[in-house]
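>>> Attaching a predicted model along with its sequence, questions to come.
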Amino acid sequence: MVRRSLMAVMVGVGALAACQTTPVPDPAPAVVPAQAPAPEAPWREVAAENLVILQTVTGAIVIELAPEAAPAHVAQFRDAIRANLYNGEYFYRVIDGHVAQAGLEFEHRLDAWDTVPLEADRTVEAAGFVPLGNADLFAPETGHRDGFAVGRDGNTEWLLNCPGALGMARDTPPDSGATEFFIPIGQRRYLDRNYTIFGRVISGMEHVNRLERVAPAGEAEIPAFTDPATAEAAFAARAQALSANRILSIGLAADIPEDLRPRWEVMATPGAEWEALKTSKRDYGIYDAFVVTPPKRLDICTLPVPARPVHAD
């Protein structure tokens, strides 16, 4: 690939027997029932520092970053956004059924940016992981953590290359990613643990799917972009060819004034609503038109965890 997740207290009291000298027994110890755990919130709000708004020609793409899974990648992406690196750039590699890739495209434009270490998986305990509930073709176990689709093998966990994931492109060396990001527009699970996933699209995937299919500049074309005598004309022609895939702006919600800041929330995983949704998507027996009832299985990439905007009161 081109470089660049109030209880009552009961007290028993002994009674005095009439005309008896038997001492009154001490009160029985208070019995305090264990407090029931607080109910889980069915939705959680995305932190403003992790909420990215990417405006394309056809509409807004809303992304949640995953700093717990890939801290170095998230930090670099935030820095690039705040440096206005992507504003006015393009999705320059959009391959049907594969990925939409964006950034600076040409190697000589990436020199100012350090590379980041591969963060394709991590070691994390199972607490907080919610199993999908059926077998997977690529991982011993799959499920969700904080709304992100993940795979697990023992205590090793990784984010999945489902449609809508946010990944970092790189050269052949594992630690060569820098600025070029991609969004799968097909299921690319064979990329799992080979490329770092550091977020996911929570709204606007239809705008990713509407991008024009284009190939990156070929090797024979690249000298025209590096030669000062031809670079201006080459970049102008390239901009015209990619105009439908232009990134109008990209920013972090945290950098928008609070009274104008967009807010989004994601269905909680774990959570009762999420479990009910998974159950409903497994049961196709309710449809009378089906001749053969499908097995009660879910493909983890076909049911992204829902998200919704938070509207001001």
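Looks like it arrived, so ask away.

>>> So for this structure, the centremost residue is which one?
In the chain, the C-alpha nearest the mean C-alpha coordinate belongs to R200, at 3.0 Å (C-alpha atoms, centre = their mean).

>>> Low-confidence stretches in the chain?
For the chain, applying pLDDT under 70 flags the ranges 1-40, 313.

>>> quick one: the helices in it?
For the chain, helices defined by DSSP state H occupy the ranges 71-82, 205-209, 222-226, 231-241, 272-282.

>>> For P140, find the nearest of those.
helix 272-282 (19.2 Å; C-beta to C-beta). Using the backbone N, CA and C atoms, a C-beta is placed for each residue, glycine as well.

>>> Just the buried residues of that closest one, please?
W274, K278, R282 (16 or more other C-beta atoms under 10 Å).

>>> next one: stretch 149-157
Buried, per 16+ other C-beta under 10 Å, within stretch 149-157: A149, V150, G151, R152, E157.

>>> What is the burial count for E232?
Using other C-beta atoms under 10 Å, E232 has 10 other residues around it.

>>> and if you look at the one 4 residues further on?
The criterion is other C-beta under 10 Å. On that basis, A236 has 10 neighbouring residues.

>>> what's the spacing between it and T230?
Going from A236 to T230 by C-beta to C-beta, to the nearest Å gives 11 Å.

>>> do H144 as well
49 Å.

>>> And G218, by the same measure?
For G218, the distance to T230 - C-beta to C-beta - is 15 Å.

>>> Between these two, which has more neighbouring residues?
More neighbours surround T230 than the other of G218 and T230, with 12 against 7 (other C-beta under 10 Å).

>>> Contacts only, for the nearest residue to that one once chain neighbours are set aside.
Closest residue to T230 apart from its sequence neighbours, by C-beta to C-beta, 6 or more residues apart in numbering: A224 at 4.5 Å. By C-beta atoms under 8 Å, 6 or more residues apart in numbering, the contact list for A224 reads T230, A231, A233, A234.

>>> what's the answer for F148, then?
F148 is in contact with S5, A66, A69, L159, R200, V305, counting by C-beta under 8 Å, 6+ apart.

>>> who does it bridge with?
For F148, the beta-bridge partners are R145 (DSSP bridges).

>>> Show me where the stretch 201-313 of the chain has its strands.
Counting by DSSP state E, counting those that start in this stretch, the stretch 201-313 of the chain has strands at residues 247-252, 264-267, 307-309.

>>> What of the stretch 51-200 of the chain?
All strands of the stretch 51-200 of the chain, identified by DSSP E, counting those that start in this stretch, fall at 51-56, 60-65, 90-94, 99-103, 122-123, 130-131, 141-145, 148-153, 156-159, 165-168, 181-184, 197-203.

>>> starting at the chain centroid, how far to the first one?
Spelled out, it's strand 51-56. Here the centre of strand 51-56 is set off from its chain's centre by 14 Å, with C-alpha atoms, centre = their mean, to the nearest Å.

>>> Any chance you could list what contacts it?
For strand 51-56, the external contacting residues (C-beta under 8 Å, 6+ apart) are 60-65, 77, 81, 86, 91, 199, 204, 207, 211, 245-254, 262-264.

>>> now with 7 Å?
Residues from elsewhere that reach strand 51-56 (C-beta atoms under 7 Å, 6 or more residues apart in numbering): 60-65, 81, 207, 247-253, 262, 264.

>>> between that strand and strand 60-65, how big is the angle?
Orientation check (axes from the mean of the first three to the mean of the last three C-alpha atoms, to 10 degrees): strand 51-56 against strand 60-65 gives 150 degrees.

>>> What strands line up against strand 51-56, and which way round?
Strand pairing for strand 51-56, using DSSP bridges, gives strand 60-65 (antiparallel), strand 247-252 (antiparallel).

>>> which stretch among those strands comes nearest D288?
Evaluated with C-beta to C-beta, the strands paired with strand 51-56 place strand 60-65 nearest to D288, the distance being 37.3 Å.

>>> in that closest one, what counts as buried?
Across strand 60-65, burial judged by 16+ other C-beta under 10 Å covers I61, V62, I63, E64, L65.
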